[in-house]
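J.: Starting from these lines, generate the structure:
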Amino acid sequence: MGGVSAVPPTPQTPAEPAPSRGGGRRSLAAALLLGALGATVVLIASGQIWASGTATVAGIGAKTLDADGQSITGAPAALAIVGLAALVAIFAVRRAGRVLVSALLALSGAGAVAAALIGAGDHAALDEQAAKLSGDLAATVTDITRTGWPYVTAFGGLLLLVAGLLALRFGGKWPGMGGRYEREGGPRARTRRPADPERPEELWKALDRGEDPTAPDGGRAPTREG
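T.: From the prediction side, this is the model:
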């Protein structure tokens, strides 16, 4: 009697674990925090004094002039507002729209960084003040001193840039406005309440709709055929 050959068991492929949502939540929280913080830093820092200088005015002598970030360049503050709007709009769009808005957020941060660093060495605003004060269009300032606020502004722009990069990388996992509505499959159907026999007007309305007001479940009245 021939032996029966044993068939080796087929190795079971382990089921792949379901993708965790933890990474999406963490990236969402990080992007919101970095984006909001970065825009706030840019708006505050760009309103501070970036540079000071001395202008010599006839009859007055030496006068110290100050220039804040807004007078030197208004680009960082404007881009911070654009970045905030993009951060909010991310949740109102999906798919390709979300990618475009995320890219806008990242570009706003990069532009704020570049504008702040360029403005850190600009003294045109001080020269303009000196020209207005002295009445001489060729007047310039001397003894220019600079603060660290342009670099704080650039740091805020960097935070916006990182928030945009997070949105580009993980934005597809983030929820959007109306997500709960879509998961539930649309609005719930309204449950029709049976007519109240104590109220004659409701009985007439039920009869007009073709319902049988005497039925316990408020069913439709039977139709006569023939």
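J.: The chain: strands as residue ranges?
T.: Remark: strands assigned in the chain by DSSP state E are 49-57, 61-68, 142-146.
J.: The longest one - what's its average pLDDT?
T.: Computed over strand 49-57, the mean pLDDT rounds to 88.
J.: That one vs strand 61-68, what angle?
T.: Angle, strand 49-57 to strand 61-68, by axes from the mean of the first three to the mean of the last three C-alpha atoms, to 10 degrees: 160 degrees.
J.: export strand 49-57 as CSV, just CAs?
T.: This file holds the C-alpha atoms of strand 49-57, laid out as CSV (Å, rounded to 0.1, in the frame of the first residue of the first chain):
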residue,chain,number,x,y,z
ILE,A,49,12.1,98.6,14.7
TRP,A,50,14.5,97.0,12.2
ALA,A,51,17.0,99.8,11.8
SER,A,52,18.0,103.2,13.1
GLY,A,53,20.3,105.9,11.7
THR,A,54,21.4,109.5,12.2
ALA,A,55,20.5,112.3,9.8
THR,A,56,22.1,115.7,9.8
VAL,A,57,19.5,118.5,9.3
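J.: so what does it touch, helix or strand wise?
T.: Packed against strand 49-57 by the contact rule (3 or more C-beta pairs under 8 Å, 6 or more residues apart in numbering; DSSP states H and E) you find strand 61-68, helix 69-72, helix 124-134, strand 142-146, helix 149-170. Backbone N, C-alpha and C define where each C-beta goes, glycine included.
J.: Check the strands of the chain for me and report the most buried one.
T.: Stretch with highest mean neighbour count among the strands of the chain: strand 49-57 (a mean of 20; mean count of other C-beta atoms under 10 Å).
J.: and the angle from that strand to strand 142-146?
T.: Strand 49-57 runs at 170 degrees relative to strand 142-146, counting by the same axes, to 10 degrees.
J.: Give me the contacts around strand 49-57.
T.: The contact list for strand 49-57, computed with C-beta atoms under 8 Å, 6 or more residues apart in numbering, reads 62-69, 72, 119-120, 122-123, 125-126, 129-130, 133-134, 139-147, 149-150.
J.: shaky segments in this protein?
T.: For the chain, applying pLDDT under 70 flags the ranges 1-23, 59, 176-204, 206-208, 210-226.
J.: Map the structural domains onto the sequence of it.
T.: Following automatic domain parsing, the chain resolves into domains at 26-172, 194-226.
J.: Highest mean neighbour count out of the ones you listed?
T.: Ranked by average neighbour count under the criterion mean count of other C-beta under 10 Å, those are headed by domain 26-172 at a mean of 19.
J.: That one spans what distance, first to last residue?
T.: End-to-end distance for domain 26-172: 13 Å, by C-alpha to C-alpha, to the nearest Å.
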